[in-house]
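Engineer: have a look at this fold, sequence not included:
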């Protein structure tokens, strides 16, 4: 594991992550998780790495929420990608 990856892994350990993506059959929007990503989404996170970007630390929550409703922002694009992914994963 590289130093960068170690730091990233360490930074999510103990941190509370809030899921800011669309609600679906697998996870509800604004669910919070301590010590990393939820285990029940492991396969989905591997299939669609964009989903990881929809778990934000509480300090970045307000910024994400301000940007997600603005078309063309990174947050909006990722949110839309997650909607497409989960609409296919449910079927």
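Structural biologist: Cool, got the structure. All figures in this text were calculated on a predicted structure; none of them were measured in a lab.
Engineer: contact partners for the most centrally placed residue in the chain?
Structural biologist: Among the residues of the chain, residue 54 comes closest to the average C-alpha position under Cα atoms, centre = their mean, at 2.3 Å. Residue 54 makes contact with 19-21, 78-79, 82, according to Cβ atoms under 8 Å, 6 or more residues apart in numbering. (Glycine included, C-beta is placed from N, CA and C.)
Engineer: please apply the same query to residue 19.
Structural biologist: 27-33, 54-55.
Engineer: ok, now how distant is it from residue 68?
Structural biologist: Distance of residue 19 to residue 68, given as Cβ to Cβ, to the nearest Å: 12 Å.
Engineer: list buried residues within the contacts of residue 19.
Structural biologist: 27, 33, 54-55 (16 or more other Cβ atoms under 10 Å).
Engineer: among the contacts of residue 54, who's most crowded?
Structural biologist: Using other Cβ atoms under 10 Å as the neighbour test, the contacts of residue 54 are led by residue 21, with 26 neighbours.
Engineer: just list the residues touching that residue, thanks.
Structural biologist: Going by Cβ under 8 Å, 6+ apart, residue 21 touches 27, 29, 51, 54, 78-79, 82-83.
Engineer: ok, residue 83 next?
Structural biologist: Contacts of residue 83 (Cβ under 8 Å, 6+ apart): 21-22.
Engineer: make CSV out of the buried ones among the contacts of residue 19 and add secondary structure and pLDDT.
Structural biologist: Below are those laid out as CSV (DSSP: H, G, I helix; E, B strand; the rest coil; pLDDT from 0 to 100):
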residue, secondary structure, pLDDT
27, coil, 96
33, strand, 96
54, helix, 97
55, strand, 97
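Engineer: and which of the residues you listed is nearest residue 74?
Structural biologist: residue 54 (11.2 Å; Cβ to Cβ).
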